[in-house]
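[1] Got a predicted structure plus its sequence, pasted below:
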Amino acid sequence: GQQVMQIPQYQHVQEGEDFTTYCNSSTTLSNIQWYKQRPGGHPVFLIQLVKSGEVKKQKRLTFQFGEAKKNSSLHITATQTTDVGTYFCAANSGTYKYIFGTGTRLKVLA
Amino acid sequence: ETGVTQSPTHLIKTRGQQVTLRCSSQSGHNTVSWYQQALGQGPQFIFQYYREEENGRGNFPPRFSGLQFPNYSSELNVNALELDDSALYLCASSLEQGASYGYTFGSGTRLTVV
């Protein structure tokens, strides 16, 4: 079945450093979503990407969808302590089922 | 607008028992999906309900079943509980089946099977 892997699994950064997480699917995707889950919390929707090569920005967050629509990335510029949490991609291959990635846990050291 | 509410927040059950988890979807959302999240893992899709019918299912056995009601609220039932069923169960509602505006998740029910 479809697999969605994220790397790295963990990332510790100093506050102010940049952070990137990568999401790779074994199949071509219809669209991809990104979620953030704070420790002890629930996933919160960040964004959806649909078009090949699409780039979207939300303040310090930049999201990209690969040209082949099989991978995506989330980049955070100048991390802050409020960015702490686990970032998940959720991949859709044209059905109503979103497959969540393995997640990248971000820790920001003040 | 109200978000997604789930009950109970925590539950302890014995292996072999049955459990029912409840979810009220966000106002205006007609689709409910259920996810299982084991500790340190990503959410795993269980199934989705739209117009009171299951319209998509993940790799979960038939002892996982659900219902959606006319007011779009939903229940997740798990029979013959196993130790591996211990997890956070998340309910997620969306405006439509494709969730193109994203899921709104509830805070989850933490189920422990002993």
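    Now that the structure is in, tell me what you want to look at.
[2] which ones are touching B:Thr20?
    B:Glu75, B:Leu76, B:Asn77 (CB atoms under 8 Å, 6 or more residues apart in numbering or on different chains). In this view, the C-beta of every residue, glycine as well, is placed from N, C-alpha and C.
[3] contacting residues around B:Arg15?
    B:Arg15 sits in contact with B:Leu81, B:Glu82, B:Leu83, B:Val113, B:Val114, where contact means CB under 8 Å, 6+ apart.
[4] where's it relative to B:Arg51, distance?
    Distance, B:Arg15 to B:Arg51, by CB to CB, to the nearest Å: 35 Å.
[5] With A:Glu67 instead?
    Relative to B:Arg51, and taking CB to CB, A:Glu67 is found at 37 Å.
[6] Contact residues of chain B facing chain A?
    B:31, B:33, B:35, B:41-45, B:48, B:50, B:55-56, B:58-59, B:90, B:92, B:97-108 (CB under 8 Å from any CB of the partner chain).
[7] how about a cut-off of 7 Å?
    B:42-43, B:45, B:48, B:55-56, B:58, B:90, B:97-100, B:102-103, B:105-108 (CB under 7 Å from any CB of the partner chain).
[8] List buried residues within these.
    B:42-43, B:45, B:48, B:56, B:58, B:90, B:97-99, B:102-103, B:105-108 (16 or more other CB atoms under 10 Å in any protein chain shown).
[9] tell me which of those is nearest to B:Ser25?
    Here the nearest of these to B:Ser25, counting by CB to CB, is B:Gly106; it sits at 8.8 Å.
[10] Dump the contacts of B:Arg15 to JSON lines, plus neighbour count, secondary structure and pLDDT.
    Supplementary listing: these in JSON lines, determined by neighbours: other CB atoms under 10 Å in any protein chain shown; DSSP: H, G, I helix; E, B strand; the rest coil; pLDDT from 0 to 100:
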{"residue": "B:Leu81", "neighbour count": "19", "secondary structure": "coil", "pLDDT": "98"}
{"residue": "B:Glu82", "neighbour count": "12", "secondary structure": "coil", "pLDDT": "98"}
{"residue": "B:Leu83", "neighbour count": "9", "secondary structure": "helix", "pLDDT": "98"}
{"residue": "B:Val113", "neighbour count": "19", "secondary structure": "strand", "pLDDT": "98"}
{"residue": "B:Val114", "neighbour count": "10", "secondary structure": "coil", "pLDDT": "98"}
